[in-house]
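Chemist: no letters, just coordinates:
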């Protein structure tokens, strides 16, 4: 459905995307994860026909976006990381404008608009000015706009950023509905947990390079040896952090309010030995826990590894 | 029938705000003020018996109003056209247009026609003011019509420069300023060139004459056409002062020359303007389209 083939993108001397290749099958919900500046938006903008690749290309349903952009664009609905709305239009007028842009026949427009506004739960806001809609509503309107020409692929760049928890849940429900409708969906985010709940496949990109790709469980399996530890100690936490830094299996140490977190690349026995050593070195540990939901630690580990390689 | 969606949206949003009627009101008030002052001055002279009523004075008032209107239009048009695409960029809606299959020409023509329709509305709205002149004679309805057409052609050319700027810049303010600078330069540079040429000619005359001076004397009219082709006041003056559209056509069709010695001499000033407009508009619009289709 969508195939990224040896993609490179340079901005002057800076390489934003480097030899990126992956494909997304029909009906997949693909989570494109990476930290800020990793190359997600650049890749998405090339797919949407808004940027030119330095080398390589993206095929949308077999059409090369650089050679046949207008054909490729027909298959893509693009939701950018900003709203891009005309605030001086009413909701239906906004939709009607994009119906015109997509050459939807006038006779069909009312039906198309009603159906899409219903899909994104904005039927009761038809006569509202876009300016009067909340952030979450504007995001859903933007999604409805991207669906006007009934694209097979929906590409969303950081769609949930800035949304409150309720809006995120509503958004997730809409994505599920679209998935059930058979749409192929590509969602980018810098928060892995956010995507893990709604994506069938995840690709992690760092510094323009695809670090890993697979289902959430496959990625978790790849790094099952990696766990995240949480420690609470009495006394100076900096001393403990320095001790942990000496340990080769410890990485990604972060200091929270009254606790220390770190990634640990070892088995249970090795975890016990770490605790024993801390106690033997007179660190007063009163809490030692392996934290659940270690997707974030996987993400941290993968992107950290890349940094190490880079150094 | 499907009209250009960009034109439809622009007209809808523009005509529903208070800014539009206020702008029309300000425009007409300024024109009305000029009309009132001109008439008051002339009729005061008449009623006090300083001079008898002279119908040619009315023609003078008509010329003054028309020139003032042209000046206002030259000032207003870049504000509308030079912000059309940059406005979309600042609102972050431009990318959304580009990732649809709407053609660059549809975007350019939609934006340009939206800006021009408002300018045409201003021109038409001002007709009653100039129409007052008809009551006194000296100016025909056809004369007014051809001036109106000339203004519309001028508006298209300035809009094209505005479109060029708005497609090449990211910010509204940069686009507007560069639009004024380009247009200002196209007015000023020819004037400077002709002044320099006149000085050179004068110097060569004082030193006994030269080929340059001879050339300038022989082709004075053609040089004027070439250097002032960009200046709408040149064509407007021709239309308002030196005779009618039919007269000019007659001059060309018959053996009459409007002043020049070469084939170019058969071209009247307003025609030189229109030729210049066509060239500049075509280049500006082609470059605008190229910019929209060129991905970074």
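Modeler: Received, thanks. As the structure is a prediction and not an experimental result, all values here were calculated from the model.
Chemist: okay, and residue 110 sits in which element?
Modeler: No chain in the question, so chain A it is. helix A:106-119 (DSSP states H and E).
Chemist: nope, chain B
Modeler: Counting by DSSP H and E, residue B:110 is part of helix B:104-125.
Chemist: which strands and helices sit next to that helix?
Modeler: Applying 3 or more C-beta pairs under 8 Å, 6 or more residues apart in numbering or on different chains; DSSP states H and E, one finds that helix B:104-125 contacts helix B:5-15, helix B:19-47, helix B:55-81, helix B:84-90, helix B:141-168, helix B:269-293. (Each C-beta comes from the backbone N, C-alpha and C, glycine too.)
Chemist: give me the local confidence score for the residue of chain B found nearest chain A.
Modeler: Using C-beta to the nearest C-beta, the closest approach of chain B to chain A is made by residue B:5 at 2.8 Å. Per-residue confidence at residue B:5 stands at 92 (pLDDT).
Chemist: would you mind listing what in the stretch 1-150 of chain B touches chain A?
Modeler: With C-beta under 8 Å from any C-beta of the partner chain as the criterion, the stretch 1-150 of chain B meets chain A at residues B:2, B:4-6, B:8-9, B:12-13, B:16-17, B:91-93, B:95-102.
Chemist: now which of the residues you listed would you call buried?
Modeler: Neighbour counting by 16 or more other C-beta atoms under 10 Å in any protein chain shown classes B:4-6, B:8-9, B:12-13, B:91, B:93, B:95-102 among the residues of the stretch 1-150 of chain B next to chain A as buried.
Chemist: that older thread, and the helix holding residue B:110 with helix B:141-168, angle?
Modeler: Counting by axes from the mean of the first three to the mean of the last three C-alpha atoms, to 10 degrees, helix B:104-125 lies at 140 degrees to helix B:141-168.
Chemist: buried residues in helix B:104-125?
Modeler: Buried residues in helix B:104-125, counted by 16+ other C-beta under 10 Å: B:104, B:106-116, B:118-119, B:122-123.
Chemist: wait, a strand at residue A:19?
Modeler: Yes - assessed by DSSP: H, G, I helix; E, B strand; the rest coil, residue A:19 belongs to a strand.
Chemist: tell me if the very next helix or strand once past the helix holding residue A:110 is near chain B.
Modeler: Using DSSP H and E, the next helix or strand after helix A:106-119 towards the C-terminus is helix A:135-146. Yes - against chain B, helix A:135-146 shows contacts by C-beta under 8 Å from any C-beta at residue A:145.
Chemist: centre-most residue in chain A?
Modeler: The structure's chain A has its C-alpha centroid closest to residue A:189; by C-alpha atoms, centre = their mean the separation is 2.2 Å.
Chemist: how about that residue, phi and psi?
Modeler: The phi/psi pair for residue A:189 (degrees, to the nearest 10) reads phi -160, psi 160.
Chemist: measure it to chain B for me?
Modeler: Plainly put, residue A:189 is 19 Å away from chain B if you go by C-beta to the nearest C-beta, to the nearest Å.
Chemist: specify the beta-bridge partners of that residue.
Modeler: residue A:33 (DSSP bridges).
Chemist: which one is residue A:109 nearest to, not counting chain neighbours?
Modeler: residue A:99 (4.5 Å; C-beta to C-beta, 6 or more residues apart in numbering or on different chains).
Chemist: I'd assumed that neighbour was in a helix, is it?
Modeler: Yes - judged by three-state DSSP, residue A:99 forms part of a helix.
Chemist: quick one: neighbours of it, just the number.
Modeler: 24 (other C-beta atoms under 10 Å in any protein chain shown).
Chemist: can you pull the contacts of it?
Modeler: A:109, A:112, A:113, A:148, B:5 (C-beta atoms under 8 Å, 6 or more residues apart in numbering or on different chains).
Chemist: Throw the residues you listed into TSV and include distance to residue A:182, thanks.
Modeler: Compiled in TSV, the contacts of residue A:99 are given as follows (distance: C-beta to C-beta, whole Å):
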residue	distance to residue A:182
A:109	23
A:112	18
A:113	21
A:148	17
B:5	28
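Chemist: which one is residue 104 nearest to, not counting chain neighbours?
Modeler: No chain was given, so I picked chain A. residue A:112 (5.8 Å).
Chemist: please refer instead to chain B.
Modeler: Per C-beta to C-beta, 6+ apart, closest to residue B:104 is residue B:292, 3.9 Å.
Chemist: now residue A:159: closest residue in space that isn't a chain neighbour?
Modeler: residue A:79 is the one closest to residue A:159 (C-beta to C-beta, 6+ apart), at 5.5 Å.
Chemist: again with residue A:213
Modeler: In space, residue A:213 is closest to residue A:203, 4.1 Å off (C-beta to C-beta, 6+ apart).
Chemist: helix, strand or coil for that neighbour?
Modeler: strand.
Chemist: gap between it and chain B?
Modeler: Distance from residue A:203 to chain B, by C-beta to the nearest C-beta: 22 Å.
Chemist: and that residue, what does it touch?
Modeler: A:22, A:30, A:31, A:32, A:33, A:210, A:212, A:213.
Chemist: at 6 Å instead, please
Modeler: By C-beta atoms under 6 Å, 6 or more residues apart in numbering or on different chains, the contact set of residue A:203 is A:22, A:32, A:210, A:213.
Chemist: please identify the one among these that lies nearest to residue A:71.
Modeler: Among those, residue A:22 lies closest to residue A:71 (C-beta to C-beta), at 21.5 Å.
Chemist: quick check: bridge partners of the closest one?
Modeler: Beta-bridge pairing for residue A:22 (DSSP bridges): residue A:4.
Chemist: contacts only, for it.
Modeler: A:4, A:203, A:210, A:213 are the contacts of residue A:22 under C-beta under 6 Å, 6+ apart.
Chemist: can you rerun that using 10 Å?
Modeler: Contact partners of residue A:22, counting by C-beta atoms under 10 Å, 6 or more residues apart in numbering or on different chains, are A:2-5, A:7, A:30, A:32, A:43, A:201, A:203, A:205, A:210, A:213.
Chemist: how about residue B:21?
Modeler: residue B:15.
Chemist: pLDDT at it, what is it?
Modeler: Looking at residue B:21, its pLDDT reads 91.
Chemist: related to what we said a few turns ago, ok, of the contacts of residue A:99, which one's closest to residue B:283?
Modeler: Residue B:283 has its nearest neighbour among these in residue B:5, at 26.9 Å by C-beta to C-beta.
Chemist: now do the nearest residue to that closest one once chain neighbours are set aside against residue B:9, distance only.
Modeler: What sits nearest to residue B:5 in space, not counting adjacent residues and going by C-beta to C-beta, 6+ apart, is residue A:100, at 2.8 Å. As judged by C-beta to C-beta, to the nearest Å, residue A:100 and residue B:9 stand 8 Å apart.
Chemist: and if you look at residue B:152?
Modeler: Counting by C-beta to C-beta - residue B:152 and residue B:9 are separated by 23 Å.
Chemist: could you do residue A:136 as well?
Modeler: From residue A:136 to residue B:9 the distance is 24 Å (C-beta to C-beta).
Chemist: same question for residue A:193.
Modeler: 40 Å.
Chemist: just residue B:177 next, same as before
Modeler: 26 Å.
Chemist: check contacts around the residue nearest to the spatial centre of chain B.
Modeler: In chain B, the centroid-proximal residue (C-alpha atoms, centre = their mean) is residue B:154; its distance is 3.1 Å. Contacts for residue B:154 (C-beta under 10 Å, 6+ apart) come out as B:70, B:73, B:74, B:77, B:119, B:232, B:233, B:235, B:236, B:273, B:274, B:277.
Chemist: kindly reformat the residues you listed as CSV containing pLDDT.
Modeler: Compiled in CSV, those are given as follows (pLDDT from 0 to 100):
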residue, pLDDT
B:70, 89
B:73, 87
B:74, 88
B:77, 91
B:119, 89
B:232, 86
B:233, 84
B:235, 83
B:236, 84
B:273, 87
B:274, 90
B:277, 91
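Chemist: okay, those residues in TSV with distance to residue B:41 next?
Modeler: Putting the contacts of residue B:154 into TSV (distance: C-beta to C-beta, whole Å) gives the following:
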residue	distance to residue B:41
B:70	21
B:73	24
B:74	25
B:77	30
B:119	29
B:232	26
B:233	22
B:235	27
B:236	22
B:273	30
B:274	34
B:277	34
